[in-house]
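Chemist: What follows is a predicted structure for the sequence shown.
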Amino acid sequence: MAPCHLRGSAEDALPSDYVISHRFPIAEALQAYDLLLKDREPYLGVVLTYPQPEGETGVLKRRVGLAPAASAPAPEEARGVGLIGGGMFTKNILLPALKEVGGASLRGVATTTGVTAQGLAQKFGFSYATTDYREILEDAAVGSIFITTRHNLHAGLVREALAAGKHVFVEKPLCLSETELEEICRAYDGSRLLMVGFNRRFAPLARNLKECLRNRTTPLVMSYRVNAGYIPADHWVHDPQIGGGRLLGEVCHFIDFLCYLSDSEVSSVSAAGIDGRLGKYRRDDNLSFTLKFADGSVGHILYTAMGSKAFSRERLEVFGEESVGVIEDFRRALIVKGGRTRKIKKFSQDYGYQAEMAAFFQYLKEPGRFAALFESYVISTRATLKAAEALQTGAVVQVAE
């Protein structure tokens, strides 16, 4: 009996036209996905075709132009924006906020897949899409780089963008290790704006509360409770090499916010996670932190994935000098000061994304503030990294150098 072959030879293979029923140019990729998802007509293989550079048959383009190229922005404006990364947060939150602010020249978007890059570029009006982020870094018309990739790529891309002479907005976290933080500190010379996506600083209710705390002369007592919600164990954010875990990836928000309210460095931090029978839950996203600040203030963060989505997500309480401030889900605030109670309600939840985008372009006009802003991010990032050490060791870890 002749042997059975599991894989046919090239001569035995069917011509590709026998198994391909539809071809779409990359510019019509969304129509291809529509065909697959809605199943409105029969199909076999669906192929996306890329335009071929003249004289280079078989070589795929890494960049697709969608609109006329803009001229290079004036250095003081730096409003030519290049985007690296394009996940759900970028698509649903960040780019809509950026478009609402207006005034930016959206140049290029780079993601690992051409379909995603082109879809974002077409939806939000970028001039071109590419799968090679170096196209963005080398574009003279790009003055500012927005980095929204997975967490493990943040630090390296920040350094590359700074080396390319660009202003930088990077989503949180700034980095995942103290080594990366020190590398960024060495790369930063204060000549460019480097902003981290700690948007809660810019929320209107946060600004109301910060104003209430102005001119204080005594420490604060702060409590931040976060009903974060469950994320499956196989989600990339839990991967220590890619996402860094929820402590580094999200608790950094709340540590930064307490630093913002106190205007002080964290001097020490202690941490504890749940123990015993955990079931589907994880120790590293059911956490309690105590932070002591250099000005004598103290803060507590309770972060859990074990709560109900029917309950409020975030609640902040701040006490100081016979005053109380409360923010509930960034929808409502209560400020009690001088015997008077002020209630503030928003029509919708406002975490400060749009105000953050507006602040980025305002900061570009004020280079004298670059260094102080960067230092504030270093302070809260270092405190977050020390909080991870405290959770691992069970010890009280000193933070301030």
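Modeler: The structure has been received and is ready for your questions. Numbering: from 1, shown residues only.

Chemist: what residues go with each domain of this protein?
Modeler: 64-197, 201-398 (automatic domain parsing).

Chemist: Pick the most buried one from these.
Modeler: domain 64-197 (a mean of 19; mean count of other CB atoms under 10 Å). From N, CA and C alone the C-beta is placed, and that goes for glycine too.

Chemist: gap between the most centrally placed residue in the chain and Cys259?
Modeler: Centrality entry for the chain: nearest residue to the mean C-alpha point is Glu171, 2.8 Å, by CA atoms, centre = their mean. Distance, Glu171 to Cys259, using CB to CB, to the nearest Å: 18 Å.

Chemist: and Glu389, what is it in contact with?
Modeler: Contact analysis of Glu389 by CB atoms under 8 Å, 6 or more residues apart in numbering lists Val397.

Chemist: now the strand or helix carrying it, how far from the centre of its chain.
Modeler: Using DSSP states H and E, Glu389 maps to helix 370-393. Centroid separation for helix 370-393 versus its chain: 16 Å, with CA atoms, centre = their mean, to the nearest Å.

Chemist: Export that helix to CSV, keeping only CA atoms.
Modeler: The C-alpha coordinates for helix 370-393 follow below in CSV (Å, rounded to 0.1, in the frame of the first residue of the first chain):
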residue,chain,number,x,y,z
PHE,A,370,7.9,70.6,31.3
ALA,A,371,10.4,69.5,33.9
ALA,A,372,8.0,69.9,36.9
LEU,A,373,5.3,67.9,35.2
PHE,A,374,7.7,65.1,34.3
GLU,A,375,9.0,65.0,37.9
SER,A,376,5.5,64.6,39.2
TYR,A,377,5.1,61.5,37.0
VAL,A,378,8.4,60.1,38.2
ILE,A,379,7.3,60.5,41.8
SER,A,380,4.0,58.7,41.4
THR,A,381,5.5,56.0,39.1
ARG,A,382,8.3,55.3,41.6
ALA,A,383,5.7,55.0,44.4
THR,A,384,3.7,52.5,42.3
LEU,A,385,6.8,50.4,41.7
LYS,A,386,7.6,50.5,45.4
ALA,A,387,4.0,49.4,46.2
ALA,A,388,4.6,46.3,44.1
GLU,A,389,7.7,45.6,46.1
ALA,A,390,5.8,46.1,49.3
LEU,A,391,3.1,43.6,48.2
GLN,A,392,5.7,41.0,47.2
THR,A,393,7.8,41.4,50.4
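
Chemist: Wait, the residue nearest to the centre of the chain touches His154, no?
Modeler: Yes: using CB atoms under 8 Å, Glu171 makes contact with His154 at a distance of 7.3 Å.

Chemist: got any residues that touch both of these two?
Modeler: Shared contacts of Glu171 and His154, counting by CB under 8 Å, 6+ apart, come down to Ile147.
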